[in-house]
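In: Just need the structure, nothing else, for what follows:
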Amino acid sequence: MTGIPSLLKRARKWILIVSIPVATLISFSFVDSYFELSKNLDIFATLLRELNTYYVDDIKPGDLVKKGIDEMLNTLDPYTEFYAESDIEDYKMMVTGQYGGIGSLIRAKGDYVMVGEPYEGFPAQKAGLMSGDVITEIDGKPIKGKNTAEVSKLLKGQAGTSVKVLIERDGEKKPFEVTLVREEIKIKNVPYYGVVGDGTVGYIKLTGFTENAAKEVKTAFIELKEKNKIKSLIFDLRDNGGGLLKESVDIVNTFVSKDLPIVEQKGKVKEMNRVHKSLYAPVDTTMPIVVLINKNSASASEIVSGSLQDLDRAVLVGQRSFGKGLVQQTVPLSYGTQMKVTTAKYYTPSGRCIQELDYFHKNNAGKAEHIPDSLIREFKTKNGRSVYDGSGIFPDMKIEPRTYALITGAIITKNHIFDYATKYRHSHNSIPAAKDFSLSEDEYKDFLQYLSDKTYDYSTKSEKSLDDLKKNAESEKYFENIKLTYDELKTKIEANKKEDLGKYKPEIKDFLEEEIASRYFYQSGRLESSLRDDNEVKEAVKVLNDKPLYDSIIAGKGTYKVIGKPGETQAKVSSSTEDGEDQIIEEHKPKDDKKPEEKPKKKGG
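Out: Predicted structure coming up:
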C-alpha cells in the first residue's frame with residue numbers, strides 16, 4: 001500500500017528536516033512537538049559531528065546513521081522502514097514486482113550458490129540453466145563463500161547488460177560457461193489458474209499485490225469464464241503477504257458492483273483519510289466464490305477477503321488470517337533515500353479494523369500485545385452476520401491446517417527431495433502433464449535407495465520425552481534401576497522410525513512429485529501438481545458444489561450467523577494427515593531454504 005498523494009507535500013517539509021541541524025519551525029498547535037523535534041535533531045547532529053572529530057578510530061558516519069535510523073524505527077512497528085539509496089531497487093521490486101536480472105530463484109549449496117528454480121520465459125531458463133546447477137564463478141570471479149544475498153547482487157543489473165556464469169552440473173564432466181543477457185524481470189502475481197473438481201470450478205492463485213495484480217486476476221477470471229465455462233471460483237490467497245492497496249480494491253471490484261465501499265483508511269493526517277470504492281464495472285457479481293486464507297494471508301489479502309466477507313460476496317475457508325490492519329505510504333527523503341511509514345489504519349466495509357497487535361501502546365518490555373478479548377467489538381456484514389475486529393479475518397468455515405511428519409521436514413530441509421528431483425530430471429527428458437504425473441512404485445523405491453546413504457536425523461516427541469526421563473532419573477538416582485527398560489524403549493522407537501519412509505509415503509511422494517513437476521513446468525507445474533492432494537481446495541470444491549450449504553453460509557443461517565467471536569469455536573473441518581504420537585504438527589508445508597534471486601523486504605501493504 002504505497003504511493004504518495006500531492007497533499008503529502010506539506011508533510012515532506014518537516015520530514016526533510018532530518019538533514020538540517022538547526023531549523024525554525026512554526027506550526028500553530030504543533031509548536032511544542034516541532035521544538036522537541038528540532039532540539040533533538042540538533043543534539044543528534046552535534047553528537048555525530050563531535051564523535052567524528054574525537055573518536056579514537058575513524059568512524060563511518062553513514063553506517064552509524066543507518067544503524068541509528070533502523071533502531072529508531074524498530075521502536076515503532078515492523079512496517080515503517082528506511083531505504084538507503086542502495087536499497088531503492090529492492091523497494092521498487094516490492095512495489096512493481098520488477099527488477100533487472102536473470103530470472104531465477106537461487107539457494108545455498110555448501111560453499112556455493114545454485115539455481116533453485118528458473119522463472120519460465122526469462123534469461124536463466126532460455127539459456128538452459130536448470131535447477132541444481134551450481135554457480136562457481138560470475139564474470140570470471142569465484143563466488144566460493146558468498147551467501148545468496150551477495151550472489152543476488154552480482155546477478156542483478158541493468159536490463160540489456162550481460163553476465164557470465166560458470167556452471168557445474170551433475171552428469172557433466174567439466175564446468176561450462178553461460179552468457180546471460182539480463183532482462184526486466186516481472187514476477188507474476190498470478191502464477192497459475194485453471195480448473196479443479198469436475199471441471200466447472202475455476203481456481204486462481206494470487207501470490208502478490210504488486211502493480212497489475214488486479215489486471216492479472218481479471219484476465220484469468222475472464223478466460224476461465226469464457227473458455228472453461230466455469231460456474232464457480234476458488235480464489236487462493238494463502239501465504240499472500242499483501243502489497244498495494246489499490247490492487248486489492250480493484251480485485252474486489254472484479255466481483256462486486258460499482259460504487260460500493262471496499263476499504264476506508266483513517267490516520268492522524270485528516271486530509272489523507274479516504275474511502276476507497278469500487279470504480280469500475282465488475283466482471284461478475286453473482287458467481288459463487290470461495291476465498292482460501294491462512295495465517296500468512298496478510299494486509300492486502302485481508303482487505304480482499306475481509307471486504308468480500310463483509311459484502312457477503314464470498315465464503316471464506318481455511319484459517320484465521322495474519323491480522324495486519326495498517327496502511328503505509330512512501331515518503332521521499334534527501335539524497336535518493338525513502339521511508340515507508342505507517343500513516344493509517346484501514347477498515348473493511350462493516351467498519352472493523354482487523355489489526356491484531358497494538359504497536360502504539362506497548363507494554364513495559366516494549367513489546368506489542370494482542371488486542372484483549374474485552375476490547376474486541378462486533379460488526380455486521382451486509383446480510384447481518386456477526387464479525388469482529390482486532391484479530392484478523394476469521395474464515396466462515398475453519399479447516400484445521402494439514403500436518404506433516406518430522407521425517408518429511410527432515411528430508412526436505414536436508415535438500416534430499418530437491419537433489420533427487422535434479423537427478424530425476426537429468427535421466428528423464430519429459431514427464432506427463434503436472435496434474436497427471438505420478439511416481440511409480442519402482443521410482444519411489446529408487447528414491448528410497450537414493451536415501452540409503454544420506455543423513456536426515458530428526459528427534460521425535462517420544463525420543464525427547466525419553467531423554468527427559470533419563471535426565472530426571474539420573475538426577476534422582478533411579479536410572480540404573482530402569483536402564484534396561486529405557487534401552488528397550490529406545491530400541492523400539494528407533495525401529496519404528498525406520499518404518500517412517502513407508503508410513504508417511506503418501507505425503508513424501510506428494511512433495512517429490514511437486515518438485516519433479518517444477519523441473520519441467522516451473523512454478524505453474526509445482527502449483528498444478530500440489531492441487532491434487534490439497535485438502536483445503538477439496539473442501540472449497542465441496543462447498544461450491546453444495547448450493548444449499550453455500551447459500552446458508554452467505555445468509556448467516558445457524559452456526560454461520562457468528563464468525564470468529566472470541567472464545568467461541570466456528571464450524572470446523574479437519575484436514576490433517578494420520579497423526580502418530582511421534583510426529584509434530586506443522587502448519588502448511590515444511591519449507592526449504594530457497595531464496596529469490598532478488599530478495600525484497602517484507603511487504604508493508
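
In: After the host helix or strand of residue 68, which helix or strand is next?
Out: Using DSSP states H and E, residue 68 maps to helix 61-74. Remark: after helix 61-74, the chain's next helix or strand is strand 81-83, criterion DSSP H and E.

In: Name the residues of the helix holding residue 68 that come out as buried.
Out: By 16 or more other Cβ atoms under 10 Å, the buried positions in helix 61-74 come out as 66, 69, 73. In this view, the C-beta of every residue, glycine as well, is placed from N, C-alpha and C.

In: okay, now residue 366: neighbour count?
Out: By other Cβ atoms under 10 Å, the residues close to residue 366 number 8.

In: which regions of this structure lie under the pLDDT threshold?
Out: 1-32, 495, 567-605 (pLDDT under 70).

In: Show me how it divides into domains.
Out: Residue ranges of the domains in the chain are recorded as 6-59, 98-186, 461-501, according to automatic domain parsing.

In: right, and the ones you listed - which one's nearest residue 273?
Out: Across the domains of the chain, residue 273 has its closest neighbour in domain 6-59 (10.8 Å, Cβ to Cβ).

In: Show me what the helix holding residue 68 is in contact with.
Out: By Cβ atoms under 8 Å, 6 or more residues apart in numbering, the surrounding residues in contact with helix 61-74 are 44, 48, 51-52, 80-82, 84.

In: Closest to residue 191 out of the residues you listed?
Out: Of all the contacts of helix 61-74, residue 191 sits closest to residue 81, with 26.2 Å by Cβ to Cβ.

In: Look up the closest residue to the closest one, ignoring the ones flanking it.
Out: Counting by Cβ to Cβ, 6 or more residues apart in numbering, residue 81 lies nearest to residue 340, which is 4.9 Å off, once chain neighbours are set aside.

In: wait, what's in contact with the one you found?
Out: Residue 340 neighbours (Cβ under 8 Å, 6+ apart): 2, 79-81, 83, 91, 328-331, 604.

In: Parallel or antiparallel, list what pairs with the lengthiest strand in the chain.
Out: In terms of residue count, the longest strand belonging to the chain (DSSP state E) is strand 338-347. Paired strands of strand 338-347, with direction, are strand 81-83 (antiparallel), strand 261-267 (antiparallel), strand 326-332 (antiparallel) (DSSP bridges).

In: rewinding a little: which of the contacts of helix 61-74 count as buried?
Out: 48, 80-82, 84.

In: give me phi/psi at the closest residue in space to residue 293 that isn't next to it in sequence?
Out: Nearest non-adjacent residue to residue 293, counting by Cβ to Cβ, 6+ apart: residue 318, 4.6 Å away. As for residue 318, its main-chain torsions (degrees, to the nearest 10) stand at phi 140, psi -130.

In: can you pull up the bridge partners for residue 318?
Out: Listed by DSSP bridges, the beta-bridge partners for residue 318 are residue 293, residue 398.

In: do the same with residue 100
Out: residue 184.

In: That one: neighbouring residues, count only.
Out: The burial count for residue 100: 19, using other Cβ under 10 Å.

In: Check the one 3 residues further on too.
Out: A count of nearby residues for residue 103, using other Cβ under 10 Å, gives 27.

In: how near is it to residue 215?
Out: The spacing between residue 103 and residue 215, counted by Cβ to Cβ, to the nearest Å, is 21 Å.

In: repeat for residue 446
Out: 44 Å.

In: what do you get for residue 307?
Out: 19 Å.

In: quick one, which of those two is more surrounded?
Out: residue 307 (28 against 15).

In: by how many degrees do the helix or strand harbouring residue 38 and helix 61-74 diverge?
Out: Element membership for residue 38 (DSSP H and E) is helix 31-54. Angle of helix 31-54 versus helix 61-74, following axes from the mean of the first three to the mean of the last three Cα atoms, to 10 degrees, is 150 degrees.

In: Quick one: list the elements packing against helix 31-54.
Out: On a contact count with 3 or more Cβ pairs under 8 Å, 6 or more residues apart in numbering; DSSP states H and E, helix 31-54 meets helix 61-74.

In: Reformat the buried residues of helix 61-74 into JSON lines and put distance to residue 153 next to each item.
Out: Shown next, in JSON lines, are the buried residues of helix 61-74 (distance: Cβ to Cβ, whole Å):
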{"residue": "66", "distance to residue 153": "17"}
{"residue": "69", "distance to residue 153": "22"}
{"residue": "73", "distance to residue 153": "23"}
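
In: what's the closest of the residues you listed to residue 107?
Out: Nearest to residue 107 among the buried residues of helix 61-74: residue 66, at 27.9 Å, using Cβ to Cβ.

In: buried residues in the longest helix along the chain?
Out: Counting residues, the longest helix in the chain under DSSP state H turns out to be helix 505-530. Buried positions in helix 505-530, judged by neighbour count with 16+ other Cβ under 10 Å: 507-530.

In: now do stretch 275-292
Out: For stretch 275-292, by 16+ other Cβ under 10 Å, it's 276-278, 282, 287-292.

In: Convert the C-alpha atoms of that stretch to PDB, please.
Out: The C-alpha coordinates for stretch 275-292 follow below in PDB (Å, rounded to 0.1, in the frame of the first residue of the first chain):
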ATOM      1  CA  VAL A 275     -13.000   5.700   1.500                       C
ATOM      2  CA  HIS A 276     -11.800   3.600  -1.400                       C
ATOM      3  CA  LYS A 277     -14.800   2.500  -3.500                       C
ATOM      4  CA  SER A 278     -15.300   0.200  -6.500                       C
ATOM      5  CA  LEU A 279     -14.800   2.400  -9.500                       C
ATOM      6  CA  TYR A 280     -15.400   0.200 -12.500                       C
ATOM      7  CA  ALA A 281     -18.000  -2.200 -13.900                       C
ATOM      8  CA  PRO A 282     -17.500  -5.600 -12.400                       C
ATOM      9  CA  VAL A 283     -16.900  -8.900 -14.300                       C
ATOM     10  CA  ASP A 284     -19.300 -10.900 -12.300                       C
ATOM     11  CA  THR A 285     -21.400 -10.200  -9.200                       C
ATOM     12  CA  THR A 286     -23.200 -13.500  -8.800                       C
ATOM     13  CA  MET A 287     -20.900 -16.400  -9.400                       C
ATOM     14  CA  PRO A 288     -20.300 -18.400  -6.100                       C
ATOM     15  CA  ILE A 289     -16.700 -17.700  -4.800                       C
ATOM     16  CA  VAL A 290     -14.700 -19.400  -2.100                       C
ATOM     17  CA  VAL A 291     -11.600 -17.500  -0.800                       C
ATOM     18  CA  LEU A 292      -8.900 -19.600   0.800                       C
END
